[in-house]
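>>> here is my input; please provide its structure:
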Amino acid sequence: MQQLGGFWRWVQDQSPARQVLIFATPVIGAAVLVLLGLVVWTVALPMVRPRPTVVAQASPAAVQPTNPPPAAAAPAPNVTPTPVVAAKPTVVVPPTPTSGPPTATPTPAPTLTPTPVPARSAKIANTDGQGAIMRKTASVSAPRVKVVPEGTVVELVGGEQKGDGYTWREVKDVDGMSGFVVVDFLILIQAPPGATAVLPPPTIQVDDLTSPAARGSEAKLKIITRPGVRCEIRVLIFGPATLPQEGLGPITANPDGVCEWTWTVPEDVVPGTWRYRIFAGEGEGRAVREVPVVIT
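All right, here's what the predicted structure looks like:
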């Protein structure tokens, strides 16, 4: 008690600031000790606790457990419980297929054979250079039309006919003359399968022509060629002149092979000889012929 009384008198002799410091020091020390105890408790406690047992779970679609794990028995007093170990799952592996689905054998497409194009032209041959006689009918006694030179390409007009012990074929040459020739003197010109037969150029035969033609009057030009071909006419101009337009357009030959143009000669056309160029057919099978027309 004497010591406490001396300590108290010593404290009263101190300044107010030192008195506050003296009384606050034990409180601060106790707070520090409590804080240190909390830190130690937080850090050390997890290390002391036993770790929980983790049981691996397999996918329900691929795992089929054989037997469920037995229930753990209650631990005896004062005995540390033994961790429960999960049973290993059994993984079901699907069987590997031994072979794939049957492969269909493709059926080969049928081979299409193109239909040959019937021959529409022929060449005069086998005459020993003398040429083949063209007659009006299929008979050796029929009037002679002309002699077709060997190597000439002719158009096949009709089918075969029998006459006087021979087989004949109706043909037409490049001059537009038609008649019958013995088939022994013809070599057919056959186009490749699937191709279009190529005919020789058509003939252009002038059947009617207005010449001389007066200015301001009507003129006419008529030709005979292969039926169904396209025909054109053009007026060749040399120097200044008036070109007739009406009546000189393209025409398709009728079933008789006739193409005919009718036009009016312009009043102011230059008098003289004019050249009219006629075209029949198209492409490689095109025939060309020029005719003079006198304008007065």
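
>>> measure Asp206 to Cys231 for me?
Small correction: residue 206 is Val, not Asp. In this view, Val206 and Cys231 are 12 Å apart by CB to CB, to the nearest Å. For glycine as for every other residue, the C-beta is placed from the backbone atoms N, C-alpha and C.

>>> which one of those two is surrounded by more residues?
Relative neighbour count places Cys231 above the other of Val206 and Cys231, with 23 against 13, counting by other CB atoms under 10 Å.

>>> show the contacting residues for the residue nearest to that one when sequence neighbours are not counted.
When the adjacent residues along the chain are set aside, Cys231 lies closest to Cys259, with 4.0 Å between them (CB to CB, 6 or more residues apart in numbering). With contact taken as CB atoms under 8 Å, 6 or more residues apart in numbering, Cys259 is in contact with Lys222, Ile223, Thr225, Cys231, Ile251, Thr252, Ala253, Ala280.

>>> tell me where this protein has strands.
Secondary structure of the chain (DSSP state E): strands at 121-124, 132-135, 144-148, 153-163, 166-172, 178-182, 186-189, 205-209, 218-224, 230-236, 251-252, 258-264, 272-280, 287-295.

>>> so which of these is nearest Leu21?
Distances from Leu21 to each of those were compared using CB to CB; the shortest belongs to strand 230-236, at 130.7 Å.

>>> between the closest one and strand 258-264, how many degrees?
Between strand 230-236 and strand 258-264, the angle comes out at 40 degrees (axes from the mean of the first three to the mean of the last three CA atoms, to 10 degrees).

>>> in the stretch 51-200 of the chain, where is pLDDT below threshold?
Counting by pLDDT under 70, the ranges of the stretch 51-200 of the chain that qualify are 51-119, 190-200.

>>> 80 - rerun?
Where the stretch 51-200 of the chain drops to pLDDT under 80, the residues are 51-119, 174-176, 190-200.

>>> got the contact list for the residue nearest to Gly247 when sequence neighbours are not counted?
Using CB to CB, 6+ apart and skipping residues adjacent in sequence, the residue nearest Gly247 is Trp263, 3.4 Å away. In this structure, Trp263 makes contact with Glu218, Ala219, Pro244, Glu246, Gly247, Leu248, judged by CB under 8 Å, 6+ apart.
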